[in-house]
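**Q** Generate coordinates for the sequence data below:
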Amino acid sequence: MNRMKTGWVFVWLLFISLQVHAQSKYVQIIVAPSTYTYGPRFVASLVPLTGQKTVVLNFPGKSKQELTRNIFAYLQQRPQLILKPKYSNEDLITYRDFSIVCDSSKCMAYLAALTYVYAMPEDGKIQLRFGKGSTLFSSLYKVDLRITRQDDVASIGNAPFNEYKFVQPEDGGELRSNKILSGYHTAVIHYGIAYPESIYDPKGKLINPGVKQIIEQYYDTYITDLNDFLGKLAK
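**A** Coordinates of the predicted model:
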């Protein structure tokens, strides 16, 4: 078993992928120059379209207590979404999901996501954002991933996978092999070949707009599904 971290696997977990609602748009993936001295020159992030830190869903006339009850009612109807009491309090409801994002026919790799949703109810509105620890995983192979009790991700059958790279690393690293007769042989690593599913090239140029849209719509769905459910309760 190939593991990102250790832990016992829930073998009974089924992959869940919520239906994509292309008509709603809350978040976008952006790329910007890195502020770090070392590492990639560009980094990508998922941010609300409004430019604010959170997505706001408005429910005029609804109290914080009523919206809190409605969020718990929503989670009861979505058993794949797991409440995380350890990271929740009277002002914050945290839940997580683990599901398939895309297969190789559409994304040039198999993508899965560990997602934490932070829901912060207030009088008349709910603020939402995707929490720390939310991670996309990628494999060029048809990999069977599972999640552990500790929310770690592991593969069945030793299939290789890794964290998804929104931006391709720059070429230039070297692989060296020792040949007895000819000495050391070096070859430049071409990351564009190794990471065909990345959205941006090392210079921050968009190279996979279709994959970008799929990932954005995937995260949009968490917001749309909650908004639709609570909207029906508010009527």
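**Q** Helices of the protein, start to end?
**A** Assigned by DSSP state H, the helices in the chain fall at 64-76, 104-107, 191-194, 209-234.
**Q** Between helix 64-76 and the longest one, find me the angle.
**A** Spelled out, it's helix 209-234. 120 degrees (axes from the mean of the first three to the mean of the last three C-alpha atoms, to 10 degrees).
**Q** Please point out which parts of helix 209-234 sit buried.
**A** Neighbour-count burial for helix 209-234, counted by 16 or more other C-beta atoms under 10 Å, picks out 211-212, 214-227, 229-230. C-beta coordinates here come from the backbone N, C-alpha and C atoms, glycine included.
**Q** Does that helix pack against any helices or strands, and if so which?
**A** strand 27-33, strand 42-48, strand 55-58, helix 64-76, strand 93-102, helix 104-107, strand 110-122, strand 125-130 (3 or more C-beta pairs under 8 Å, 6 or more residues apart in numbering; DSSP states H and E).
**Q** Columns mean pLDDT on top of these, output as a markdown table?
**A** Below are those laid out as a markdown table (pLDDT from 0 to 100):
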| stretch | mean pLDDT |
| --- | --- |
| strand 27-33 | 94 |
| strand 42-48 | 93 |
| strand 55-58 | 97 |
| helix 64-76 | 97 |
| strand 93-102 | 96 |
| helix 104-107 | 92 |
| strand 110-122 | 97 |
| strand 125-130 | 97 |
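**Q** out of these, nearest to N158?
**A** strand 110-122 (15.1 Å; C-beta to C-beta).
**Q** Quickly run through the sheet partners of the closest one, with directions.
**A** Sheet partners assigned to strand 110-122 using DSSP bridges are listed as strand 93-102 (antiparallel), strand 125-130 (antiparallel), strand 135-139 (antiparallel).
**Q** Can you add mean neighbour count and give those back as TSV?
**A** Listed next are those as TSV, based on neighbours: other C-beta atoms under 10 Å:
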stretch	mean neighbour count
strand 93-102	21
strand 125-130	20
strand 135-139	20
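**Q** where does this protein have low pLDDT?
**A** 1-24, 171-192 (pLDDT under 70).
**Q** Excluding chain neighbours, give the residue nearest to S139 in space.
**A** F161 (3.8 Å; C-beta to C-beta, 6 or more residues apart in numbering).
**Q** Identify the residues contacting that neighbour.
**A** Residues in contact with F161 (C-beta atoms under 8 Å, 6 or more residues apart in numbering) are N2, M4, Y110, F137, S138, S139, Y141, V143, L145, S155.
**Q** if we can go back for a sec, switch the strands paired with strand 110-122 over to a markdown table; also include distance to F42.
**A** Formatted as a markdown table, those follow (distance: least, C-beta to C-beta, whole Å):
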| stretch | distance to F42 |
| --- | --- |
| strand 93-102 | 22 |
| strand 125-130 | 21 |
| strand 135-139 | 17 |
